[in-house]
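Participant: Mind looking at a prediction? Sequence and model below.
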Amino acid sequence: MLGKLETRSDCSRCAALCCIAYPSDEMPGFSARKQAGEACPKLDACGLCSIYATRGRDGFGGCIQFECFGAGQHVVQTLFGGKDWRDDPALLRPMVESFLALRRCFDLLYLVDYARGLGPNGDERSVLDGIETELTEMAASAQTASDSARLRSVEARLRPVLARLHPAPA
């Protein structure tokens, strides 16, 4: 079983998976036009961001705001054992597919961490512990993490806890 999973991105331990996985037309703050699965034209020949230091000024504010909640580095470091598509191009597609499959799982893990910070009572902490355990088990493989029905079930158990801890404004 995996230990506690990170719920903040660490681009230095990823492989630019978000720069490939998503189409820019569907995401605000991305100046480059690209299709899903296509590398951002701002990635250099080594697969590194050529505008990382200036991306906000260059019209790529979406890159700064984007958060994968740790899914990227989990794919690279855990599921692929530190291997990287930049060294082995055959890994690109399976890494991107794994990243896309894991995103929702990591979004939910982030919400569990967020809920913990809101001061849950004992029963709510117990529900959050169970959800975290289930999501951590799911994150052990992209196949289980992409189980839509199971993710919907987890989300359905998480929503009432979040609603009690952080009620919507009237």
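Facilitator: It's in. Numbers count the residues shown, from 1 in each chain.
Participant: CA only for contacts and neighbour counts going forward, please
Facilitator: Noted.
Participant: residues touching the residue positioned nearest the centre of the chain, list them.
Facilitator: Computing the C-alpha centroid of the chain and ranking residues by Cα atoms, centre = their mean puts Cys68 first, at 3.0 Å. Residues near Cys68 by Cα atoms under 8 Å, 6 or more residues apart in numbering: 8-9, 18, 103, 106-107.
Participant: tell me the SS of it?
Facilitator: Look at Cys68: counting by DSSP: H, G, I helix; E, B strand; the rest coil, its state is coil.
Participant: can you list contacts of the longest helix seen in the chain?
Facilitator: Of all segments of type helix in the chain, defined using DSSP state H, the longest is helix 92-116. Residues outside helix 92-116 that contact it (Cα under 8 Å, 6+ apart): 7-8, 17, 20-21, 37, 68-72, 75-76, 80, 84-86, 125, 128, 131-132, 135, 138-139, 142-143, 145-146, 151, 155, 158, 161-162, 165.
Participant: if we can go back for a sec, report pLDDT for the residue nearest to the centre of the chain.
Facilitator: Per-residue confidence at Cys68 stands at 95 (pLDDT).
Participant: Same check on Ile20?
Facilitator: 93.
Participant: cool, Thr144 as well?
Facilitator: pLDDT at Thr144 comes out at 82.
Participant: re the thing from before, considering the contacts of Cys68, which possesses the most neighbours?
Facilitator: Counting neighbours by other Cα atoms under 10 Å, Phe106 leads these with 26 neighbours.
Participant: and the gap between that one and Gly47?
Facilitator: 24 Å (Cα to Cα, to the nearest Å).
Participant: Okay, now the unreliable bits of the protein?
Facilitator: Applying pLDDT under 70 to the chain flags the ranges 1, 26-27, 31.
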